[in-house]
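Engineer: Here you go, sequence then predicted model.
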Amino acid sequence: MITAGIDVGSTATKAVIFDGTIRSMAIIPTGWNPKEAGRNVFLEALNEASLQEQDISMIVGTGYGRVSLAFIDRKVTEITCHAKGARFLFPQTRTVIDIGGQDSKVIAVGEDGSVVDFIMNDKCAAGTGRFLQVMTGILDITLDELGQMASGSKPVSINSMCTVFAESEIIGLLAQEVTKEAIASGIVQTIANKMLSLTSRVPCLEEITFSGGVANNPEICAVLSSAFGAKFNIAHQPQIVGALGAAILGYEKL
């Protein structure tokens, strides 16, 4: 019995082939066509597993672009999928923090693995990958360079959580000859503050699993972990947690 999970996000589209363990995975940019990205990442994961489409018993879609996938058998919200995937990778997970391209979320997980509560920031770019993309663009650096610059630097205060206003604020700081290192540290601290503000609305218990593309950056992870006062669980490929959860839900359904 083999299932597939496909997570169509705003920035990246992910697929996992699951047979009780992770058989294969694939990650590609979503681009302008989520329907095509979902199909392509599925085929890539199949190829990686040396399987054909007819070998898959069920395909489950998640993420904002799941509605565009006509070939899937079931659609599930990313909240449920992230909780399920995180618990598979780290069985003691009680909180999931996910920072995606256009939203961020905190999910409280019960002792039985069910979703107890959650909060999602999907109305503005503050605290998301898009926020970081805009900020690194102003500084003319990569996300990896942002993390490296922020590491060990004293953060300058960035007062606005709004991406547009924060952009103007950073341009002003550069004009005042504030160092890129101090600004980078301030940007990362702003992300941490935003995520902390979300946890005021839901219970935040250890163990905490951090998922999403931003979790690939160890320096940013270190700042967030310090802000939360807790060690984060981070998968080898933190972007696939939602797709993994979708595949597991299909497996359990069968």
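Structural biologist: Yes, it's here.
Engineer: contacts, neighbours, all on C-alpha from now
Structural biologist: OK.
Engineer: S211 and L51, how far apart?
Structural biologist: The spacing between S211 and L51, counted by CA to CA, to the nearest Å, is 27 Å.
Engineer: Which one of these two is surrounded by more residues?
Structural biologist: Counted by other CA atoms under 10 Å, S211 and L51 do not tie: S211 has more neighbours, with 27 against 14.
Engineer: Quick check, F42 in contact with A15.
Structural biologist: Yes - under the contact definition of CA atoms under 8 Å, F42 touches A15, with a separation of 5.8 Å.
Engineer: If you count surrounding residues, which of those two has more?
Structural biologist: Legend: neighbour count by other CA under 10 Å for F42 and A15, higher for A15 (35 against 26).
Engineer: Assign a three-state SS to K14, would you?
Structural biologist: When the structure is split into helix, strand and coil by DSSP: H, G, I helix; E, B strand; the rest coil, K14 lands in strand.
Engineer: and the gap between it and A4?
Structural biologist: Distance of K14 to A4, given as CA to CA: 10 Å.
Engineer: Which one's more surrounded, those two?
Structural biologist: Higher neighbour count among K14 and A4: A4, with 33 against 30, using other CA under 10 Å.
Engineer: Quick one, grab the pLDDT at the more buried one.
Structural biologist: Reported pLDDT at A4 in the predicted model: 98.
Engineer: List the beta-bridge partners for it.
Structural biologist: I17, I59 (DSSP bridges).
Engineer: still on that earlier bit, quick one: common contacting residues for F42 and A15?
Structural biologist: 4, 6, 26 (CA atoms under 8 Å, 6 or more residues apart in numbering).
Engineer: Work out for me the element the last one sits within.
Structural biologist: Secondary structure assignment for A26, by DSSP states H and E: strand 22-29.
Engineer: got a list of contacts for that strand?
Structural biologist: The set of residues that contact strand 22-29 without belonging to it, under CA under 8 Å, 6+ apart, is 11-18, 37, 41-42, 44-46, 48-49, 240, 244.
Engineer: mind listing what's buried in it?
Structural biologist: Along strand 22-29, these residues count as buried under the neighbour rule (16 or more other CA atoms under 10 Å): 23-29.
Engineer: got a markdown table for these, with pLDDT and distance to S157 too?
Structural biologist: What follows is the buried residues of strand 22-29, written out as a markdown table (pLDDT from 0 to 100; distance: CA to CA, whole Å):
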| residue | pLDDT | distance to S157 |
| --- | --- | --- |
| R23 | 98 | 45 |
| S24 | 98 | 43 |
| M25 | 98 | 40 |
| A26 | 98 | 38 |
| I27 | 98 | 35 |
| I28 | 98 | 35 |
| P29 | 96 | 33 |
